[in-house]
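**Q** what follows is a predicted protein model with its sequence.
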Amino acid sequence: MRIGFSQLSEGKAFPIFAAAALALLIGLTTPTQARDSASTGEEAEATQAPLQIVVSLPKQQMKLYRGTELVKTTRVSSGRQGYSTPTGVFSILQKRRRHFSNLYNNAPMPYMQRLTWSGIALHEGMVPNYPASHGCIRIPHGHARELFGLTERGGHVVITRDDAQPSSIEHEALFQPYAPVETASLAPDRAGEAAYHHLATLEKEIGNWRSYTERAGDPVRILVTRRTGREKNMDVQRLLGEIGYDPGPVDGWIGKNTIAALKDFQEDYGLRPTGVIDAALIAELHDAAFAGKPEQGHIYVRQRFKEVFDAPISLDDPDQPLGTHMYLAMDFEDGDRDVGWTAITAQQAEGMTPETALDRIGVPDDVRQRIALMLTPGSSLIISDHGLGKETGKGTDFVVLTK
């Protein structure tokens, strides 16, 4: 949004349209406010904490939680020997009341809730007191039907060999939603350089407010893990381009253009021209580009089963295991600044808890703000040693396999 200026006789400037912009800011409403203004005065139905399913393979047991409250427990039957059920963090990708297996002789799979596109699902089936399936989680008839009626696409399922249950957690690293600033604090000072500052703040706040009111209602999915070779290669390509070498597309693929650019860089900086990327080369590139210390962590964001963005972040002690932990944002209303979260450990690592895993990550302010503008109830964060696996892709949230 562009806002005009009028010059003062002293050579200073102040926004002549600031009042109009402020009025625009005040006039925008959030989705919740719009619904409230259209209501007939009846009390809005109270929202509920998001559901999550926890499956214990050793116990052959499934527990359904709403927030930290245990709602239901049932027996299950997981994959037998040779067809073991994978462990990790999943989400429900597809739901069908009537479904038949395309892998195992058209076998019926009533009340099917798909966890991977490769064939793992929750569904009704025979449940002896031992693992007996081809990898799916079988649920008794009445429980499968009831569960099907309670869950939604995108709901999380944690399958683990550990004894896991969600608990409440508070930590400064957990994301909080954007909340509009008080409009009175944005009123511009009409004298001196402060006018520029107030106008810039006002413009930024209007942009934030628009993003906030137009955000999708679907939960945000966030994964934090170590940087992979692809991300490091993309960093190398980006830095080469910034200092005047042409590596070709910044895509993480080290082709002939990137290799040629690497060799030119190495020759110019007195290094042996191998065209090979290693830790020493990465450090030299960062120094040459004044890019600071290379980051060791990476954050990925998805929504509506699609990629949104990703970015490097700091990760302390990157060679030490993190475990796998999932954090789930509880219900909140537009304008809330402090949101409750729950945490569950899907895979343990020595000395690591959900709190100590959060202690090790550092998310840049611009990335944190972007997520704050997108955050909705039921959004989740996964911190894991296991990065983007083969099951994460088109039409999925993050599928983090721990086995």
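**A** Thanks, I have it.
**Q** buried set for stretch 90-108?
**A** Phe90, Ser91, Ile92, Leu93, Lys95, His99, Ser101 (16 or more other CB atoms under 10 Å). Where C-beta positions appear, they are placed from N, C-alpha and C, glycine not excepted.
**Q** nearest to Glu214 among those?
**A** Ser91 (24.4 Å; CB to CB).
**Q** Asp385: what's its closest spatial neighbour, skipping adjacent residues?
**A** Nearest non-adjacent residue to Asp385, counting by CB to CB, 6 or more residues apart in numbering: Leu322, 5.0 Å away.
**Q** distance of that neighbour relative to Asp397?
**A** 19 Å (CB to CB, to the nearest Å).
**Q** neighbour count: those two, which is higher?
**A** Comparing Leu322 with Asp397 by other CB atoms under 10 Å, the one with more neighbours is Asp397, at 26 against 23.
**Q** how about the secondary structure of the residue nearest to Asp385?
**A** coil (DSSP: H, G, I helix; E, B strand; the rest coil).
**Q** contacts only, for it.
**A** Leu322 sits next to Thr225, Ala349, Met352, Ala357, Arg360, Ile383, Ser384, Asp385 when contact means CB atoms under 8 Å, 6 or more residues apart in numbering.
**Q** rerun at 7 Å
**A** Leu322 makes contact with Ala349, Met352, Ala357, Ile383, Ser384, Asp385, according to CB atoms under 7 Å, 6 or more residues apart in numbering.
**Q** with Ile282 instead?
**A** Contacts of Ile282 (CB under 7 Å, 6+ apart): Lys232, Val236, Pro294.
**Q** the last one is in contact with Asp287, isn't it?
**A** No: Pro294 is beyond contact range of Asp287, at 10.3 Å (criterion: CB atoms under 7 Å).
**Q** of the two, who's got more company?
**A** Using other CB under 10 Å as the criterion, Pro294 and Asp287 rank with Pro294 on top: 16 against 12.
**Q** what is the nearest of the contacts of Ile282 to Gly393?
**A** Closest to Gly393, out of all of the contacts of Ile282 and judged by CB to CB, is Lys232, at 21.1 Å.
**Q** report the buried residues of the strand or helix carrying the closest one.
**A** Secondary structure assignment for Lys232, by DSSP states H and E: helix 229-242. Going by neighbour count (16+ other CB under 10 Å), the buried part of helix 229-242 is Glu231, Lys232, Asn233, Met234, Asp235, Val236, Gln237, Leu239, Leu240, Gly241.
**Q** what's in contact with the helix or strand just after that helix?
**A** Where DSSP H and E defines the elements, the next helix or strand beyond helix 229-242 is helix 256-268. Contacts to helix 256-268, defined as CB under 7 Å, 6+ apart, come from residues Gln237, Leu240, Tyr245, Asp246, Pro247, Gly248, Arg272, Pro273, Thr274, Gly275.
**Q** residue ranges in this protein under the pLDDT threshold?
**A** 1-47, 103-106, 181-198, 200-201 (pLDDT under 70).
**Q** where do the helices sit along it?
**A** For the chain, applying DSSP state H gives helices covering 18-27, 31-38, 141-150, 194-213, 229-242, 256-268, 279-288, 354-359, 365-374.
**Q** distance to His134 added to those, as CSV?
**A** As requested, those are exported to CSV (distance: least, CB to CB, whole Å):
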stretch, distance to His134
helix 18-27, 57
helix 31-38, 44
helix 141-150, 17
helix 194-213, 45
helix 229-242, 33
helix 256-268, 44
helix 279-288, 44
helix 354-359, 33
helix 365-374, 38
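**Q** among those, which is nearest Asp334?
**A** Across the helices of the chain, closest to Asp334 is helix 31-38 (CB to CB), at 4.2 Å.
**Q** circling back to that earlier point, of the helices of the chain, give the one that comes closest to Arg304.
**A** helix 365-374 (11.1 Å).
**Q** for that closest one, output the C-alpha coordinates as CSV.
**A** Output of helix 365-374 as CSV, limited to C-alpha atoms (Å, rounded to 0.1, in the frame of the first residue of the first chain):
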residue,chain,number,x,y,z
ASP,A,365,12.1,-13.0,13.6
ASP,A,366,10.8,-12.6,10.0
VAL,A,367,10.0,-16.4,9.8
ARG,A,368,8.4,-16.3,13.2
GLN,A,369,6.2,-13.3,12.2
ARG,A,370,5.2,-15.1,9.0
ILE,A,371,4.1,-18.1,10.9
ALA,A,372,2.3,-16.0,13.5
LEU,A,373,0.2,-14.5,10.7
MET,A,374,-0.8,-18.0,9.5
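**Q** packing partners of it?
**A** Applying 3 or more CB pairs under 7 Å, 6 or more residues apart in numbering; DSSP states H and E, one finds that helix 365-374 contacts helix 194-213, strand 220-226, strand 297-303.
**Q** can you redo these as JSON lines with mean neighbour count and distance to Pro108?
**A** Shown next, in JSON lines, are the helices and strands packed on helix 365-374 (neighbours: other CB atoms under 10 Å; distance: least, CB to CB, whole Å):
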{"stretch": "helix 194-213", "mean neighbour count": "17", "distance to Pro108": "46"}
{"stretch": "strand 220-226", "mean neighbour count": "23", "distance to Pro108": "31"}
{"stretch": "strand 297-303", "mean neighbour count": "21", "distance to Pro108": "32"}
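**Q** closest to Ser379 out of those?
**A** strand 220-226 (4.2 Å).
**Q** which strands and helices sit next to that closest one?
**A** strand 297-303, helix 365-374, strand 380-384.
**Q** relative to Gly155, which of the ones you listed is closest?
**A** strand 380-384 (10.2 Å).
**Q** tell me the strands beside that closest one, with direction?
**A** strand 220-226 (parallel), strand 324-329 (antiparallel) (DSSP bridges).
**Q** export these as CSV, with columns for distance to Gly340.
**A** CSV is the format used below for the strands paired with strand 380-384 (distance: least, CB to CB, whole Å):
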stretch, distance to Gly340
strand 220-226, 16
strand 324-329, 8
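**Q** right, so of those strands, which gets closest to Ala164?
**A** Across those, Ala164 has its closest neighbour in strand 324-329 (9.5 Å, CB to CB).
**Q** next one: the closest one to chain centre, how far?
**A** Centroid separation between strand 324-329 and its chain, computed with CA atoms, centre = their mean, to the nearest Å, is 10 Å.
**Q** what does stretch 267-283 give?
**A** The answer for stretch 267-283 is 34 Å, by CA atoms, centre = their mean.
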